[in-house]
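Undergrad: please work out how this folds:
(2 chains)
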Protein chains: 2
Amino acid sequence: MYDSLKGFRDVYPAEMAAYRQVIDEIETTARQYGFREITTPALEATEMYVDKSGEEIVEELYHFEDKGGRDVALTPELTPTVARMVVAKQQELSKPIKWVSTRPFWRYEQVQQGRFREFHQTNIDIFGSSEPTADAEILAVATDMLTGLGLSADDFDFRVSHRDILTGLLESFEADVDTQDAIRVVDKRAKIDRDEYVEGLTDAGLSLDQAEQFDEWLRAGDDDLDALAEMSGSEQVADAVANLEAVLAAAEDFGVREYCTISLTTARGFDYYTGVVFECFDSTGEVSRAVFGGGRYDDLIEGFGGEPTPAVGFAPGVMNSTLPLLLQRAGVWPEEAVSTDYYVLQVGDTRPVAARIARELRESGHVVEADVSDRSFGAQMGYADSINAETVVIVGENDLENDEVTVKDMASGEQTTAPVDAFPGDHERPTYGDFA
Amino acid sequence: MYDSLKGFRDVYPAEMAAYRQVIDEIETTARQYGFREITTPALEATEMYVDKSGEEIVEELYHFEDKGGRDVALTPELTPTVARMVVAKQQELSKPIKWVSTRPFWRYEQVQQGRFREFHQTNIDIFGSSEPTADAEILAVATDMLTGLGLSADDFDFRVSHRDILTGLLESFEADVDTQDAIRVVDKRAKIDRDEYVEGLTDAGLSLDQAEQFDEWLRAGDDDLDALAEMSGSEQVADAVANLEAVLAAAEDFGVREYCTISLTTARGFDYYTGVVFECFDSTGEVSRAVFGGGRYDDLIEGFGGEPTPAVGFAPGVMNSTLPLLLQRAGVWPEEAVSTDYYVLQVGDTRPVAARIARELRESGHVVEADVSDRSFGAQMGYADSINAETVVIVGENDLENDEVTVKDMASGEQTTAPVDAFPGDHERPTYGDFA
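TA: A predicted model of the protein is given here:
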């Protein structure tokens, strides 16, 4: 007997039925906003990640030398791949480019609740617009996905920040600060203790006083961005504040401002972010990690050799990830059960009629099973129950002598006969009630 | 600038729109037959393939040692994984188990037309029935998928064979034959020349005369199975012939017999097949390779440490595979173009109204884009055209002063005004015609 690998999950039908509802809702919402589906490779050259991502991600790569001697990696995230694809066709693609895809990614990390080595994300990105409207559309589509799944403003919260506010504040100090290092420390703020946090900031080049000042500013900014811009005296901060306010104004027009909270200590881990960033959190705090996040990354396409192309996006983990924990906490996780419209039960040598009925019901779009195991009435009925069949159509030799079939409603147990020629006939979804 | 790896394709939205139609048709058909979606890992322990599959597949594996020192492989096919999953939960799963999934697989092989190193397959399997009805249901769902895609009986052909006929014939010779080796030679028959074929059979243990006799029997059997059973004098062959005939009789009841041709030289490459096997071919021969195939594999679950569990299945390659070549040859490949129901065009400071209209149209299920780039009327109209918008709703400052918006039909170029409060109002899918 073989086992699955640690951190890799087998998802069986009942659980998958719940995931399918979640994924369909998320993909449908993206499609309705005009995001277009793409399909992307599971393997990329390792150098693409080594060159462009933060070190943290590189350590977590599943990478190896292929039979052609290339170092290749299982994709840990989609952003470098879509950046590569935009660069490859930048002349022919009309802007804005709006892409969506759902697929697995792989990271060799500690397995814990809601975190696996293989996980599925839906990636949603807009390329080619630097306007606040684009950032706000990302917040709007993210909100619609979550409310479409049954969550309300009481359940979740987008903590919104701006990389240029962080960078601008750091650069306003008279110090030789490694801003990327400092931002990575801010990203870890909630997960480390105060001493470690301050030490991280001083390691990045701030003095102890500057580190304290910086943190004070971040917390003050959450309450009053304009005052922060003033206090810092930095033009970069003032511009970033104006940009963040414009994004939130557009979010207001899109009806999603109420889901957003300004939270300057929300930094995001990846180095490539440039402007607005956000993370989705469980409002009750019961799910303690960020559910997902996203933001603006205006420099990545140019860094990949393309024309300067602004970009903004996000990526909810839809499977083997944190989102299901939030949906479960909020009581809106879909039922884990398969569903079946009809089971066509054969008794005796009635296969041609049973097959005709099954075929016609399928042609009307229904989920229909029929016996493939030559089993008894009782065994078939038990199986029909196990697949949650709503209606069982019994095609028996005796009934057929009277040109009838029996229609059984599985919830009530009631049954009646129906003329075989009228089943399904003109009925779009024939049930017990149509013939009783 | 980075490149994708050889044999790995980037699929952009227009092409993906065509693939999406194909995949949706195939998945919907499987779902209507009661196949239930599962999701499975991309990595498995390499030993699972080394132990159980033919050597041919092992040579083609992308495999490597992970950071935990395990030799792991990118899954080259789904069957060993689903066998593992059936064994893991065999007590709790009600039979028949009917599973479907669509996902990528990876094989390090020669890249050629319709063959890539990463390709997407939909796998459809039934576990727990040894009845001919199960084999026939597999042929029926495969047929419905192809006819649902617009193909007719003139376009494709299922070449149906039976492993036990091949095995029985081989074992009826007074010779020490390696039947698996011989069957692998039969599988290659169409791709190698006559001398190589005969040499392969003699290498497997047949004499030259026996090899000729064997081949003659295979060809004679295509015309008259019963005569072949008689000629061979083998009980195993007679049983297998009866089984194959029962499968075809059930296929007749299911309305798909006409798509099946008996073709005993169709053997399938994998060693795990046991009973009926089949391959789908282009009837015109223009696409020369098998489009996909499947069959019965009754011993695999037991070989994986489970209770004896009969199984039958097939796996059309839905993307970066041969099926698109057949659909293109037959002229039923879907149009490679994105589609958009509405573009909401803003002129001036009209975002709140434009956002309200876009939101309401999306709530009715439509695909709706709106400006995220703060662009001119002309640039927006050009973009709306590039995404094939059917209707453009122009929300302009001047119109709004009269409480109106403009509705433009993009095919005809005609436009009219509509009361802003009645757009979309009660209209499920408001168009130019509703207001002209």
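Undergrad: quick one: contacts of the strand or helix carrying residue A:101?
TA: Counting by DSSP states H and E, the secondary-structure element that holds residue A:101 is strand A:97-106. In this structure, residues lying in contact with strand A:97-106 by Cβ atoms under 8 Å, 6 or more residues apart in numbering or on different chains are A:23, A:26-27, A:30-31, A:33-40, A:42, A:62, A:74-78, A:82, A:86, A:117-128, A:318, B:13, B:42-43, B:369. Backbone N, C-alpha and C define where each C-beta goes, glycine included.
Undergrad: then stretch A:346-365?
TA: Where contact means Cβ under 8 Å, 6+ apart, the residues beyond stretch A:346-365 that reach it are A:341-342, A:344-345, A:368, A:370-371, A:377, A:380, A:393-398, A:400, A:405, A:420, A:423-424, A:428-429, B:32-33, B:133, B:144, B:250, B:253-255.
Undergrad: could you point out which element follows the least confident helix or strand in chain A by mean pLDDT?
TA: Comparing every helix and strand of chain A by mean pLDDT, DSSP states H and E singles out helix A:55-59 as the least confident one, with a mean of 70. Downstream of helix A:55-59, the next assigned helix or strand under DSSP H and E is strand A:63-65.
Undergrad: hang on, the earlier thing: among the contacts of stretch A:346-365, which ones are buried?
TA: When the contacts of stretch A:346-365 are checked for burial by 16 or more other Cβ atoms under 10 Å in any protein chain shown, the buried set is A:341-342, A:344-345, A:368, A:370-371, A:380, A:393-396, A:400, A:405, A:420, A:423-424, B:32-33, B:133, B:144, B:250, B:253-254.
Undergrad: quick one, strands of the stretch 151-300 of chain A?
TA: For the stretch 151-300 of chain A, applying DSSP state E, counting those that start in this stretch gives strands covering A:156-162, A:260-262, A:276-282, A:292-296.
Undergrad: now do the last one against strand A:156-162, angle only.
TA: Relative orientation of strand A:292-296 versus strand A:156-162 (axes from the mean of the first three to the mean of the last three Cα atoms, to 10 degrees): 30 degrees.
Undergrad: show me what strand A:292-296 is packed against.
TA: When contacts are defined as 3 or more Cβ pairs under 8 Å, 6 or more residues apart in numbering or on different chains; DSSP states H and E, strand A:292-296 packs onto helix A:132-148, strand A:276-282, strand A:311-314.
Undergrad: out of these, which gets nearest to chain B?
TA: For the helices and strands packed on strand A:292-296, distance to chain B was read as Cβ to the nearest Cβ. The smallest value, 4.2 Å, belongs to helix A:132-148.
Undergrad: buried set for the closest one?
TA: Within helix A:132-148, judged by 16+ other Cβ under 10 Å, the buried ones are A:132-147.
Undergrad: so residue A:420 makes contact with residue A:406?
TA: No: checked against Cβ atoms under 8 Å, the pair residue A:420 and residue A:406 is beyond contact range at 10.3 Å.
Undergrad: intersection of neighbour lists for those two?
TA: With contacts taken as Cβ under 8 Å, 6+ apart, the residues that reach both residue A:420 and residue A:406 are residue A:399.
Undergrad: residues in contact with the closest residue to chain B within the stretch 201-350 of chain A?
TA: Per Cβ to the nearest Cβ, residue A:305 is where the stretch 201-350 of chain A lies closest to chain B, at 3.8 Å. By Cβ under 8 Å, 6+ apart, the contact set of residue A:305 is A:87, B:1-2.
Undergrad: name the nearest residue to the residue most central in space within chain A, ignoring sequence neighbours.
TA: For chain A, the residue nearest the mean C-alpha position is residue A:316 (2.8 Å; Cα atoms, centre = their mean). Nearest non-adjacent residue to residue A:316, counting by Cβ to Cβ, 6 or more residues apart in numbering or on different chains: residue A:292, 4.2 Å away.
Undergrad: please name the bridge partners of the one you found.
TA: Here residue A:292 sits in beta bridges with residue A:280, as judged by DSSP bridges.
Undergrad: just residue A:405 next, same as before
TA: According to DSSP bridges, the partner residues bridging residue A:405 are residue A:418.
Undergrad: what's the following helix or strand after the strand holding residue A:101?
TA: Stepping forward along the backbone from strand A:97-106, the first helix or strand reached (DSSP H and E) is strand A:118-127.
Undergrad: identify each buried residue in that following strand, please.
TA: Buried residues in strand A:118-127 (16+ other Cβ under 10 Å): A:118-127.
Undergrad: domain-wise, how is chain A divided?
TA: Domain assignment of chain A by automatic domain parsing yields the ranges A:13-329, A:340-435.
Undergrad: pick the most buried one from the ones you listed.
TA: Each of these was assessed for mean neighbour count using mean count of other Cβ atoms under 10 Å in any protein chain shown. The highest is domain A:13-329, with a mean of 19.
Undergrad: strands paired with the strand holding residue A:101, and their directions?
TA: strand A:36-37 (parallel), strand A:118-127 (antiparallel).
Undergrad: check the offset of the first one from the chain's centre.
TA: Average the C-alpha atoms of strand A:36-37, do the same for its chain, and the two points are 15 Å apart (Cα atoms, centre = their mean, to the nearest Å).
Undergrad: now swap in stretch A:9-29 and tell me
TA: 11 Å.
Undergrad: residue numbers of the stretch 251-400 of chain A in contact with chain B?
TA: With Cβ under 8 Å from any Cβ of the partner chain as the criterion, the stretch 251-400 of chain A comes near chain B at residues A:253-255, A:304-306, A:319, A:338, A:340, A:351-352, A:355, A:359, A:362, A:365-374, A:382-383, A:386-387.
Undergrad: mind listing which of those residues are in helices?
TA: Counted as lying in helices by DSSP state H, out of those, are A:253, A:351-352, A:355, A:359, A:362, A:382-383, A:386.
Undergrad: pull the contacting residues for residue A:386.
TA: Contact partners of residue A:386, counting by Cβ under 8 Å, 6+ apart, are residue B:94.
Undergrad: quick one: residue A:32 from chain B, how far?
TA: Between residue A:32 and chain B the computed distance is 4 Å (Cβ to the nearest Cβ, to the nearest Å).
Undergrad: what pLDDT is listed against the residue nearest to that residue when sequence neighbours are not counted?
TA: Nearest non-adjacent residue to residue A:32, counting by Cβ to Cβ, 6+ apart: residue B:362, 4.3 Å away. With respect to pLDDT, residue B:362 has a value of 97.
Undergrad: and the one 5 residues further on, by the same measure?
TA: Confidence per residue is given as pLDDT, and for residue B:367 that number is 98.
Undergrad: list phi and psi for it.
TA: Main-chain dihedrals, residue B:367, degrees, to the nearest 10: phi -90, psi 120.
Undergrad: chain A versus that one, what's the distance?
TA: Following Cβ to the nearest Cβ, the distance that separates residue B:367 from chain A is 6 Å.
Undergrad: turn the strands paired with strand A:97-106 into a markdown table, including distance to residue B:219.
TA: Rendered in a markdown table, the data for the strands paired with strand A:97-106 read as follows (distance: least, Cβ to Cβ, whole Å):
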| stretch | distance to residue B:219 |
| --- | --- |
| strand A:36-37 | 47 |
| strand A:118-127 | 48 |
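Undergrad: okay, these in a markdown table with mean pLDDT next?
TA: Formatted as a markdown table, the strands paired with strand A:97-106 follow (pLDDT from 0 to 100):
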| stretch | mean pLDDT |
| --- | --- |
| strand A:36-37 | 98 |
| strand A:118-127 | 98 |
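Undergrad: which one of those strands lies nearest to residue A:244?
TA: Taking Cβ to Cβ as the measure, the strands paired with strand A:97-106 were each checked against residue A:244, and strand A:118-127 came out nearest at 17.4 Å.
Undergrad: and the closest one with helix A:132-148, angle?
TA: Using the same axes, to 10 degrees, strand A:118-127 lies at 140 degrees relative to helix A:132-148.
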